[in-house]
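Trainee: What follows is a predicted protein model with its sequence.
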There are 2 protein chains.
Amino acid sequence: MLVSSVPLPTLRRLPRYYQYLARLRNAGQDQVSAAHMAEVLGVHHTQVRKDLAMAGCQGRPKTGHKVAELIATIEGFLHWDSQSDAFLVGVGSLGTALLNYPGFDKAGARIVAAFDQDINKAGRKIGETLVLSMDKFTSLAERMHIAVGILTVPAEAAQATADLMVGSGIRAIWNFAPVALDLPKGIIVENLELFTSLALLLRRLSDSGSAAPES
Amino acid sequence: MLVSSVPLPTLRRLPRYYQYLARLRNAGQDQVSAAHMAEVLGVHHTQVRKDLAMAGCQGRPKTGHKVAELIATIEGFLHWDSQSDAFLVGVGSLGTALLNYPGFDKAGARIVAAFDQDINKAGRKIGETLVLSMDKFTSLAERMHIAVGILTVPAEAAQATADLMVGSGIRAIWNFAPVALDLPKGIIVENLELFTSLALLLRRLSDSGSAAPES
DNA sequence: TAGATTGTTAATCGATTAACAATC
DNA sequence: TAGATTGTTAATCGATTAACAATC
């Protein structure tokens, strides 16, 4: 209950396995060995075995794993076989992109409503999702027992919006704003750090040889 | 040259330090101690000192670090004081969001042109950036010595587009498609994994108590 | 059976934390 | 000087890799 005990790196690798397995399934392959997955994904084969074991997957000596079985098990382990309802706040271009993004339902989340400060946006529909005005946020979140908030507002508004979410019963925030949110203990925050990701790319590029960035 | 020797976790934390320091600067504070940053950011104080040392920051006993100096040093270390030119391919809603996203120039990249399969999009301007047709990609990338490609096409088109990028001299790809790209050795790929991030959030939520996702 | 593959236990490696010396 | 803070060296911890036993 308190500690997950699943190593974070394992948790990060499982979606990659899943995605590759889905490709195998689409290609009609129904058996796969840990060694093969390791080879393709650039992970040590023992690592793959340990990760799969963590997720509760079991294979058979000699034949390996059944692709369909692996997919189902990982899906269950990541809770991708059911969906948590989520509210999104901030229908700017990033929020809009997420509302149009395909596949969240397959990754365990369903955006059931979106909200924006700008009342002109209220009433619009983006993708399948209706945009509502902010003043409906708390009552709706409470009534629908929403646990997940997606935060795509500008950096300046992020903290206040996060506070509103927490005040409305939300317990997990997926934060796209480049701000370290200050929230009560027990609230789960996952920061999607665009700039960090870009920094990693650029540093590896400049480390990898002649490649100093241009002035 | 070959190996960066900067631990990846350190590289991931530096942008967080930077962002917090920028806030301090804006608030007019000009000195800060490693212990204080550690406290606020939830990192061990020794960790902060090591990370800062890695980036080449130096403080003074008793007084701590100068905020402005830290910012300048980290900026330089992450190459955020200069920009690499980048081409973006895939002007869907995610690509559009990135083109509108503020602050990439401050994070070391400048999107100088965007490209899309759909010729109807050619000629449009999104934010400051002109959208061009795909057939101009290779010649322009070569002529401008573009090293960085941003990949925001649908999953199905990702591999082919990445191949085109590599064939046009691009050496680093920031990949937003949920696909493991298969590319020649030496090409740097940084995957921005939306689904992985979401999976982490949902798993922590369901680990943290009564909170099984709703059916 | 022999061989391939799983799954586990032990060894290694690297990052984090602790202890402490240096210094303004 | 005394005390706060830096920066470094040593100890711990956890994840990765290696070795090997189990099994279809």
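Mentor: Happy to help now that I have it.
Trainee: Which positions in chain A make contact with DNA strand C?
Mentor: A:33-35, A:45-46, A:49-50, A:52-53, A:57-65 (Cβ under 7 Å from any atom of the strand). Where C-beta positions appear, they are placed from N, C-alpha and C, glycine not excepted.
Trainee: For residue B:24, see how far away the residue most central in space within chain A is.
Mentor: Of all residues in chain A, the one closest to the mean position by Cα atoms, centre = their mean is residue A:107, 7.2 Å from it. Look at residue A:107 and residue B:24: by Cβ to Cβ, to the nearest Å, they are 36 Å apart.
Trainee: picking that back up, list the contacts of the closest residue to the residue nearest to the centre of chain A other than its chain neighbours.
Mentor: Nearest non-adjacent residue to residue A:107, counting by Cβ to Cβ, 6 or more residues apart in numbering or on different chains: residue B:195, 4.5 Å away. By Cβ atoms under 8 Å, 6 or more residues apart in numbering or on different chains, the contact list for residue B:195 reads A:15, A:19, A:103, A:107, B:178.
Trainee: ok, of the residues you listed, which come out buried?
Mentor: Buried by 16 or more other Cβ atoms under 10 Å in any protein chain shown: A:15, A:19, A:107, B:178, out of these.
Trainee: how far does the longest helix along chain A sit from the chain's center?
Mentor: Counting residues, the longest helix found in chain A (DSSP state H) is helix A:8-26. Put simply, helix A:8-26 sits 13 Å off its chain's centre (Cα atoms, centre = their mean, to the nearest Å).
Trainee: Does whichever helix or strand comes after it reach DNA strand D?
Mentor: Using DSSP states H and E, the helix or strand that follows helix A:8-26 in sequence is strand A:31-32. No. Strand A:31-32 does not reach DNA strand D (Cβ under 7 Å from any atom of the strand); its nearest approach is 12.3 Å.
Trainee: Look up phi and psi at the residue nearest to residue A:107.
Mentor: The phi/psi pair for residue B:195 (degrees, to the nearest 10) reads phi -70, psi -30.
Trainee: Am I right that the residue nearest to the centre of chain A is in contact with residue B:197?
Mentor: No. Here residue A:107 does not reach residue B:197: they are 9.7 Å apart, not a contact under Cβ atoms under 8 Å.
Trainee: So which bits of stretch A:55-64 are buried?
Mentor: Neighbour-count burial for stretch A:55-64 [16+ other Cβ under 10 Å]: A:55, A:57, A:59, A:64.
Trainee: Briefly note if it comes near chain B.
Mentor: No. Judged by Cβ under 8 Å from any Cβ of the partner chain, stretch A:55-64 stays clear of chain B, getting no closer than 10.9 Å.
Trainee: and the end-to-end length of that stretch?
Mentor: 16 Å (Cα to Cα, to the nearest Å).
Trainee: what sits up against that stretch?
Mentor: A:10, A:14, A:31-34, A:36, A:52, A:65, A:69-70, A:73-74, A:76-78.
Trainee: and with 7 Å instead?
Mentor: If you take Cβ atoms under 7 Å, 6 or more residues apart in numbering or on different chains as the criterion, stretch A:55-64 is touched by A:14, A:31, A:32, A:33, A:65, A:70, A:73, A:74, A:77.
Trainee: what about residue A:36, helix or strand, and which?
Mentor: Going by DSSP H and E, residue A:36 is part of helix A:34-41.
Trainee: Is that helix positioned near chain B?
Mentor: Yes. Using Cβ under 7 Å from any Cβ of the partner chain, helix A:34-41 reaches chain B at residue A:41.
Trainee: Please state the offset of the next helix-or-strand element following that helix from the chain centre?
Mentor: Next helix or strand after helix A:34-41 toward the C-terminus (DSSP H and E): helix A:45-54. Centroid separation for helix A:45-54 versus its chain: 22 Å, with Cα atoms, centre = their mean.
Trainee: What is helix A:45-54 packed up against?
Mentor: Under the contact definition 3 or more Cβ pairs under 7 Å, 6 or more residues apart in numbering or on different chains; DSSP states H and E, helix A:45-54 sits against helix A:8-26, helix A:34-41.
Trainee: For the helix holding residue A:36, name the packing helices and strands.
Mentor: Packed next to helix A:34-41, using 3+ Cβ pairs under 7 Å, 6+ apart, are helix A:8-26, helix A:45-54.
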